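A.B. asks: got a sequence here, can you build the structure:
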Amino acid sequence: MFLWIAITAFWIAAVKVWGYLGPKVPLIFIAVWGLGFVAWWFLGLPQFIFMSLCAVLAVILLIVDRYQSAL
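C.D. replies: The predicted structure follows:
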């Protein structure tokens with residue numbers, strides 16, 4: 001369940017940042033998310049590793065969003 005919350009928060013943050021900065025920054029984060037997803041799926045990594053990656057990426061994107069909205 002927490003994995004879905006982290007994934008949802010990541011994608012909402014990516015869409016919000018895309019609106020402020022355009023596609024460059026969110027696409028970098030989406031590529032990192034994609035690499036984590038591939039590693040989780042094909043290498044059989046534990047779920048908490050992918051969940052942690054999603055949460056960290058979402059927090060960073062939300063910080064970027066807050067910074068851009070404050071300007």
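
A.B. asks: which helices and strands sit right next to the longest helix anywhere in the chain?
C.D. replies: Secondary structure of the chain per DSSP state H: the longest helix is helix 47-70. Where contact means 3 or more Cβ pairs under 8 Å, 6 or more residues apart in numbering; DSSP states H and E, helix 47-70 is packed against helix 2-21, helix 24-43. Heads up, the C-betas are built off the backbone N, CA and C, glycines and all.

A.B. asks: could I get these in JSON lines, plus columns for mean neighbour count?
C.D. replies: Output for the helices and strands packed on helix 47-70, formatted as JSON lines (neighbours: other Cβ atoms under 10 Å):
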{"stretch": "helix 2-21", "mean neighbour count": "16"}
{"stretch": "helix 24-43", "mean neighbour count": "14"}
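
A.B. asks: of all these, which one is nearest residue 59?
C.D. replies: With Cβ to Cβ as the measure, helix 2-21 is the member of these nearest residue 59 (8.3 Å).

A.B. asks: what angle separates that closest one from helix 24-43?
C.D. replies: 160 degrees (axes from the mean of the first three to the mean of the last three Cα atoms, to 10 degrees).

A.B. asks: which residues are contacting helix 2-21?
C.D. replies: Residues from elsewhere that reach helix 2-21 (Cβ atoms under 8 Å, 6 or more residues apart in numbering): 25-26, 29-30, 33, 47, 50-51, 54-55, 57-58, 61-62, 64-65, 68-69.
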